[in-house]
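S.K.: Provide a 3D model corresponding to the input given below.
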Amino acid sequence: MGAGPVVMGVLNVTPDSFSDGGRYADRAAAVAHAAELYAQGADLIDVGGESTRPGADRVDAETETARVLPVIRELAAAGVPLSVDTTRAAVAAAALEAGAAVVNDVSGGLADPVMTKLVAGAGCPYVIMHWRGHSRRMAELAEYGDVVSDVRDELRARVDEALAAGIAPDRIVVDPGLGFAKTAEHNWALTRRIDEILAIGYPVMIGASRKNYLGRLLAGPDGTLRPNAGREAATVATSVLAVAAGVWGVRVHEVRGTVDALAVWRASGSPRLAGPV
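M.R.: Numbers count the residues shown, from 1 in each chain. Have a look, this model is predicted:
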């Protein structure tokens, strides 16, 4: 993978994603929003057609494909760099043929045993996220001895599977999966000890954008979570701290604030954090 930091802009073409579900389900609205994110400085637009919010129901492969393909085709024709956010090899194959260049698999290959072979054959970059099960039962899977050690070891196992399938080492990115089968405390532990995830030896992607643990951190006196729209500053701070700790990329819903903050970071000499965040 190339040098970071990479800013991945999120494009949910779904009616039920946790942050912006329904806003970009229409093709024209999705394409316009993606073009705006790209113009604001996103290096990659991540197109997803199935919500992975906690508790979400699955959609079938045909529905997922029908959501993402028209958007990917139009954006690819306009020269926008794209990744596809999917756990299904069939959807990934169709998206790559339509013009996507990266597969972002939140299951790290666990949801579809054909995925790693598909990616190996395509020769494209592959984002392997830490995952323990589909959205419907995520909460019950958030049981760890030491969350950072467990996530690190489980990610290593997924990387080994990817390598065994023939995916080249320089095509792999890992993601600790903040919010996926993890409590707020687990997310903060992974943030503080991100150096242990970096020690796996592959570029690391972080996706903290607008997640509930940030809403809980910023909760009002009555305990009401800060709404999604009020989590942007925390998202930017989390993303820049992660980059300063050495991560390769960040995945965000709103691009401009993160791009601007990273410009300040670069102008300041790209300072690195010493030790854990």
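S.K.: What about residue 121, how many residues nearby?
M.R.: Neighbourhood size, residue 121 [other C-beta atoms under 10 Å]: 13. Placement of C-beta: from N, CA and C, glycine included.
S.K.: pLDDT score assigned to residue 261?
M.R.: The model reports residue 261 with a pLDDT of 97.
S.K.: so it is in which element?
M.R.: Per DSSP states H and E: residue 261 is located in helix 256-267.
S.K.: cool, residue 65 as well?
M.R.: In the assignment (DSSP H and E), residue 65 maps to helix 61-77.
S.K.: before we move on, what about residue 84?
M.R.: Using DSSP H and E, residue 84 falls in strand 82-85.
S.K.: Am I right that residue 251 falls within a helix?
M.R.: No - secondary structure assignment places residue 251 outside any helix; it is strand (DSSP: H, G, I helix; E, B strand; the rest coil).
S.K.: about what we covered before: from the contact counts, what lies against the helix holding residue 65?
M.R.: helix 27-39, strand 44-48, strand 82-85, helix 89-98 (3 or more C-beta pairs under 8 Å, 6 or more residues apart in numbering; DSSP states H and E).
S.K.: closest one to residue 14 among the ones you listed?
M.R.: Evaluated over the helices and strands packed on helix 61-77, closeness to residue 14 peaks at strand 44-48, with 6.7 Å, by C-beta to C-beta.
S.K.: Find out how far the closest one is from the centre of the chain, if you would.
M.R.: Computed by C-alpha atoms, centre = their mean, to the nearest Å, the chain-centroid distance of strand 44-48 equals 9 Å.
S.K.: I would like the residues contacting that strand, please.
M.R.: If you take C-beta atoms under 8 Å, 6 or more residues apart in numbering as the criterion, strand 44-48 is touched by 6-14, 17, 30, 34, 37-38, 68, 71-72, 75, 80-86, 95, 100-102, 104, 251.
S.K.: Stretch 262-277 now?
M.R.: Outside of stretch 262-277, the residues within contact range by C-beta under 8 Å, 6+ apart are 5, 7, 191-195, 239-246.
S.K.: just to revisit the earlier point, what subset of the contacts of strand 44-48 is buried?
M.R.: 6-14, 17, 30, 34, 37-38, 68, 71-72, 75, 80-86, 95, 100, 102, 104, 251 (16 or more other C-beta atoms under 10 Å).
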